[in-house]
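A.B. asks: Need a 3D model of the following:
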Amino acid sequence: MIEARTKRDAVVRLMDGEDLLGELRRLSADSAIVVCGIGMLREIELGYWNGEVYEKHHFDTPVELVSLQGTIARSGDERVVHVHACVGKPDGSALAGHLFAGTVHNTAEIGLRLPGGIVLERKVEETGLTGLYPRLRPTAEDAV
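C.D. replies: Numbering: from 1, shown residues only. So this is what the prediction gives:
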């Protein structure tokens, strides 16, 4: 992974064979908004929430990563990457959904926004999903 970062933004480039979600979990940012992502993936698993469970579909062949967006948040001690992807097949058709897995094929370029004053947390809800609970980050002024 190649990463460039400022206080508010980060851009990462992932290389062939890297686990997209695993690499995003390894970032030092506990809260981030995945603004965009392009490149190629293979061995992807996309899901659709039917109201009770995710219906998952696996695709081995390479596809173009057309769009990627979502969040990176904390849930207890773990970093949760919740992203949705749209991928293009060679015939021009598209597949989309919750991205459960994906291996980078050639390259992937991802832009992130780091919300300095906001903490993103996930909490398990009655549905079984982990809902996003954003909150303002306490400042030194708040502690006084």
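
A.B. asks: And the strands in the protein?
C.D. replies: For the chain, strands defined by DSSP state E occupy the ranges 2-5, 9-15, 32-49, 54-59, 63-75, 78-88, 94-113, 118-124, 130-136.

A.B. asks: what's in contact with stretch 105-118?
C.D. replies: With C-beta atoms under 8 Å, 6 or more residues apart in numbering as the test, stretch 105-118 has contacts from 5, 7-16, 18, 20, 24, 27, 29, 31-42, 62-63, 65, 68, 72, 134-137, 139. Any C-beta I mention is one placed from the backbone N, CA and C, and that applies to glycine too.

A.B. asks: among those, which ones are buried?
C.D. replies: Buried members of the contacts of stretch 105-118, scored by 16 or more other C-beta atoms under 10 Å, are 10, 12, 14, 18, 20, 24, 27, 29, 31-34, 37, 39-42, 62-63, 65, 68, 72.

A.B. asks: what helices or strands is the longest helix seen in the chain leaning on?
C.D. replies: In the chain, taking DSSP state H as the definition, the longest helix is helix 20-26. Judged by 3 or more C-beta pairs under 8 Å, 6 or more residues apart in numbering; DSSP states H and E, the packing partners of helix 20-26 are strand 9-15, strand 78-88, strand 94-113.

A.B. asks: Now with 6 Å, please.
C.D. replies: Counting contacts by 3 or more C-beta pairs under 6 Å, 6 or more residues apart in numbering; DSSP states H and E, helix 20-26 packs against strand 78-88.
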